[in-house]
Structure formats: structure tokens, C-alpha cells
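*Asks:* Give me the fold of what follows.
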Amino acid sequence: MNNEAAESGLDIRGGDPRFPAKCSSQSQVAMSQQMMPSDANPLGNVHGGHIMKLIDEAGGLAAMRHARRPVVTVTMDSIAFLSPVRVGHVLTLRASVNWVGKSSIEVGVRVEAENPVTGEITHTNSAYAVFVALDDQAKPCSVPPLALESDDDRRRWAEAEARQQIRLQRARKKVQ
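*Replies:* Numbering: from 1, shown residues only. Take a look at the predicted model:
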């Protein structure tokens with residue numbers, strides 16, 4: 001893909017150039033799951049922690065598909081719950097790789113809840129999580145570059161790069 005991607009005029013960024021570049025579309029994840037009473041509080045609202053776990057799973061799977069390596073979660077940006085998810089709703093999580101560094105991968109996850117009776121779909125929240133790929137000794141390892149196919153991919157890359165700079169600034173402040 002690397003030579004083909006370069007020859008086709010794709011914008012290739014980040015990662016280790018020794019690996020073939022991958023498009024975000026090659027690692028996208030869509031997961032759906034009906035929310036059950038065991039996922040919720042006594043009022044019938046699904047626990048935010050349960051939704052965060054599903055976000056981590058969907059994001060981690062997209063990162064693994066990109067790296068073709070095991071990954072661990074490094075950080076998850078703040079999550080605002082825009083609307084409640086009720087027992088019986090079908091939660092759908094869509095995860096896409098937005099940005100890659102040397103060993104890290106930012107994945108955006110969009111969460112929607114569908115009332116299967118009415119068909120109403122509500123965007124409940126979105127999150128950005130960063131994962132690090134691991135080698136066979138459980139140490140960080142290089143990941144493939146990301147080939148940006150569209151203006152939307154380039155916009156997502158730029159926004160993710162800005163978030164990564166903020167994360168790095170926060171980390172430097174904690175060390176001081």
C-alpha cells in the first residue's frame with residue numbers, strides 16, 4: 001500500500017515509513033449492542049461507566065486493526081453525555097483512526113442510541129482515546145503511517161494533532 005498510496009497521491013502522515021500506510025477505512029469498527037437491565041441504574045439509565053467500557057473496546061479494536069498489534073489505552077479525553085441511554089436501546093459505536101504517532105494511535109468513537117421500537121436515533125456522545133501499540137515484550141512499538149483519503153480525513157487529522165499537542169502540554173506540566 002505504501003508505494004501504491006504514494007503514487008496515487010494519497011497524503012501519508014505519521015507512523016513508521018518502513019510499514020505500508022493504511023487508510024482509516026481499513027480499520028473502522030462498528031459495534032452494536034442492546035442495553036440490558038444489568039447495564040443500568042434503578043431508573044433504567046445505562047451507567048456511563050458501561051458506555052465508557054464499550055468506547056474503550058471499540059476504540060481499541062480500531063487501533064489494533066491499524067497496528068496489527070496488541071494495544072493499551074493511554075488516555076481518553078473527557079466525555080460529556082448528551083442524552084441518556086435507556087434499557088432496551090441499541091447502542092451503536094463507530095470507531096475510526098484519526099491520527100498516528102510513532103507508537104500511538106488516536107481513535108474517535110461516536111456513540112448513538114436507537115430506540116428499536118420507534119426507530120429514533122440519538123447521538124449520545126463522542127470520545128477520543130489514545131492507544132499505544134505493544135511489541136512481543138509488551139513495550140511500545142512503531143505503527144504504520146495513516147493514508148488520508150479525503151478532506152474529512154485531513155480535517156480529522158488536524159483536529160487530532162491539535163488535541164495531541166494539548167495532551168503533551170498537560171503531561172509536561174504534570175512533570176514540572
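*Asks:* For the spatially most central residue of the chain, grab phi and psi.
*Replies:* Among the residues of the chain, the smallest C-alpha distance to the mean C-alpha position (C-alpha atoms, centre = their mean) belongs to Val107, namely 2.3 Å. Main-chain torsions, Val107, degrees, to the nearest 10: phi -120, psi 130.
*Asks:* Look at the residue of the chain positioned farthest from its centre and report its pLDDT.
*Replies:* The C-alpha centroid of the chain is most remote from Pro42, which lies 30.1 Å away (C-alpha atoms, centre = their mean). pLDDT, the model's per-residue confidence, is 94 for Pro42.
*Asks:* In this model Glu57 seems to touch the residue nearest to the centre of the chain, though I could be wrong.
*Replies:* No. Taking contact to mean C-beta atoms under 8 Å, the distance of 11.1 Å between Val107 and Glu57 leaves them out of contact. For every residue, glycine as well, the C-beta is placed using N, CA and C.
*Asks:* and the longest helix belonging to the chain, what other elements does it pack with?
*Replies:* In terms of residue count, the longest helix belonging to the chain (DSSP state H) is helix 151-175. Using 3 or more C-beta pairs under 8 Å, 6 or more residues apart in numbering; DSSP states H and E as the contact criterion, the elements in contact with helix 151-175 are strand 11-13, strand 90-100, strand 104-114, strand 121-133, strand 146-148.
*Asks:* Ser25 is nearest to which of those?
*Replies:* In this view, the helices and strands packed on helix 151-175 are compared for proximity to Ser25 by C-beta to C-beta, and strand 90-100 is the closest at 8.2 Å.
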